[in-house]
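K.L.:
Fold the following, please.
(one chain, ligands or ions: 1)
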Amino acid sequence: MSTYRYDPLEDRWTIIARHRLKKPTLKAEDIRMVPAECPFCEGNEALSDAEIDASCVHAERSINTSGWINRVVANRYRAVAIETSADVVEEGIHRSMGGFGAHEILIDTTGHDSDLALMSPDETVSYLRMVAKRIENLSQDSRIAHVSVFKNVGILAGETMSHPHTQIVALPFIPSHIASMYEREAVYHRAHHAHLVLDEVAQTIDDETRLIAREGDFCLYTPFASRYPFELRIAPTTVLTSLVYASSEQLESLAVLVHRSVHLMKLVLGEKVAYNMVIRDSIRDDNPYHTVYISMLPRLFGVSALESEDGVSINPMPPEEASKLYKERL
Ligand SMILES: [Zn+2]
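P.N.:
Numbers count the residues shown, from 1 in each chain. Modelled structure (predicted):
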């Protein structure tokens, strides 16, 4: 299986996973896999890997059969595996660790050609509820320190399967940029007795130029220092460290804004817009100053080394103008 290797210069872990070479890469001509061959389509449950969980139409549904709303399966080309040990090996300056973790696929919907803008409100609430359920389940293993939840939509965003799906990766460490975000949130709280994300949301509401929509406890806006043209952020107006703690009402409001954000990206940037969705959730109670938020990151062009290596983006679209263009399509 795989191994984690630590780079002490860059403070960064890398997963070395040779078997991922076999993973398919999607080309423009085969992006439309036919439903009959699609392992994520309803009726083809035997083609996918082991079912981990599912939201069902009827409670009496048997595992690996049709009759589901969304379904979680193991990733065939998983980068990390729960049965692998997390033993650390130190050799001189080199540190490595067994590829322990979990890599799951949440099949968002039965609709092969659907997406978060086309799913019904009930389907989207069920989807968010399943994300929360998987985060809660994975975080019960004390060896898991972080759960990454993300979507790659379109080839420019790294998509390899066209049927709508979400990846859930549970890791035995907190990636360094996430750990430093938690640290900044804690430092901000010590200085201001307030949550950094909540203050960002409050200022966005006051200023209005980048605010696009409000729904219940959540806001949709273009962030002040947007890294990418037309980047969107969805964040709450109240303390919520993880989706695990969201009420049904909050999940319903969040579903409205998730739907609206993807719908707006498609209206403004085109039906086939490539984007990444990232859910920044904290699974541990020792990050009490974190507030969950969702980033929608349109991928309009390739990423330069200044962005990928040095973390400095060049964005030609001011977020105030992006917000204005989005609001014109509301
Ligand atoms: Zn499909």
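
K.L.:
Then H58 would be within a strand, right?
P.N.:
No - read with DSSP: H, G, I helix; E, B strand; the rest coil, H58 is coil and lies in no strand.

K.L.:
show me the contacts for it.
P.N.:
G67 (Cβ atoms under 8 Å, 6 or more residues apart in numbering). Using the backbone N, CA and C atoms, a C-beta is placed for each residue, glycine as well.

K.L.:
what does T14 give?
P.N.:
4-5, 7.

K.L.:
cutoff 7 Å now
P.N.:
5, 7 (Cβ atoms under 7 Å, 6 or more residues apart in numbering).

K.L.:
Leaving out sequence neighbours, find the closest residue to L267.
P.N.:
Distances taken as Cβ to Cβ, 6 or more residues apart in numbering place R329 nearest to L267, at 4.5 Å, with adjacent residues excluded.

K.L.:
do you know how far that neighbour is from T110?
P.N.:
28 Å (Cβ to Cβ, to the nearest Å).

K.L.:
Of the two, which one has the most company?
P.N.:
T110 (22 against 12; other Cβ atoms under 10 Å).

K.L.:
show me the contacts for the nearest residue to the more buried one once chain neighbours are set aside.
P.N.:
Take T110 and drop its neighbours on the chain: the residue closest to it by Cβ to Cβ, 6+ apart is E42, 4.2 Å away. By Cβ under 7 Å, 6+ apart, the contact list for E42 reads 66, 68, 110.

K.L.:
all helices of the stretch 101-250 of the chain, in order?
P.N.:
121-139, 176-192, 196-207, 248-269 (DSSP state H, counting those that start in this stretch).

K.L.:
what's the first one packed up against?
P.N.:
Applying 3 or more Cβ pairs under 7 Å, 6 or more residues apart in numbering; DSSP states H and E, one finds that helix 121-139 makes contact with strand 51-56, strand 68-74, strand 102-107, strand 146-153, strand 165-171, helix 248-269.

K.L.:
Quickly list the domain ranges of this protein.
P.N.:
Domains of the chain are assigned by automatic domain parsing as 3-175, 177-328.

K.L.:
Quick check: end-to-end length of the first one?
P.N.:
Meaning domain 3-175. 15 Å (Cα to Cα, to the nearest Å).

K.L.:
Quick check: D115 touching V262?
P.N.:
Yes - between D115 and V262 a contact is recorded at 6.3 Å, counting by Cβ atoms under 7 Å.
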